[in-house]
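sequence first, predicted model second:
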Amino acid sequence: MRPRPCRRCGAPVLTVHERDVRVALTGVIDADPLSVFAPLDPGPIWEKNPRLGWMSLDIPRRRGNPLHRSHQCTTDVCQNERSSQ
């Protein structure tokens with residue numbers, strides 16, 4: 001899966017889909033995984049499981065698989081676009 005640039009801020013993002021659940025979620029996540037030392041604050045965090053695919057975690061835990069945070073545009077470019085609309 002190749003990252004694409006975000007439409008608003010240009011940051012590399014991935015579009016992922018949950019698998020093997022009744023109501024599958026779709027999310028846009030940051031392409032770079034979280035650092036091992038990054039805090040796991042409450043919020044949408046996605047895990048890439050080698051066997052099960054992408055999973056959205058309500059209670060994030062470190063189990064050795066890469067964790068990715070949902071993409072939040074916070075750059076000045078996005079704020080300028082919103083204020084001009």
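Nice, thanks for sending it over.

residues contacting the most centrally placed residue in the chain?
For the chain, the residue nearest the mean C-alpha position is Ile29 (2.2 Å; CA atoms, centre = their mean). By CB atoms under 8 Å, 6 or more residues apart in numbering, Ile29 lies in contact with Val13, Leu14, Val16, Trp46, His68, Arg69, Ser70, His71. (Glycine included, C-beta is placed from N, CA and C.)

end-to-end on stretch 14-27?
When the termini of stretch 14-27 are compared using CA to CA, to the nearest Å, they are 8 Å apart.

contacts for it?
Residues from elsewhere that reach stretch 14-27 (CB under 8 Å, 6+ apart): 1, 3-4, 28-31, 44, 46, 52-56, 68, 70.

quick check: Ser56 is in a helix.
No - under DSSP: H, G, I helix; E, B strand; the rest coil, Ser56 sits outside any helix and is assigned strand.

picking that back up, drop anything exposed from the contacts of Ile29.
Buried by 16 or more other CB atoms under 10 Å: Val13, Leu14, Val16, Trp46, His68, Arg69, His71, out of the contacts of Ile29.

what about the last one, distance to Arg22?
So that's His71. 25 Å (CB to CB, to the nearest Å).

how about Gly10?
Applying CB to CB, the value for Gly10 to Arg22 is 35 Å.

repeat for His68
Computed as CB to CB, the His68 to Arg22 distance reads 23 Å.

repeat for Asp32
Going from Asp32 to Arg22 by CB to CB gives 30 Å.

what about those two, which has more around it?
Comparing Asp32 with Arg22 by other CB atoms under 10 Å, the one with more neighbours is Asp32, at 14 against 4.

show me what contacts the residue lying closest to the more buried one once chain neighbours are set aside?
Closest residue to Asp32 apart from its sequence neighbours, by CB to CB, 6 or more residues apart in numbering: Pro12 at 7.3 Å. Residues near Pro12 by CB under 8 Å, 6+ apart: Pro3, Arg4, Pro5, Cys6, Asp30, Ala31, Asp32.

nearest to Gly64, of those?
The closest of the contacts of Pro12 to Gly64 turns out to be Asp32 (CB to CB; 17.5 Å).
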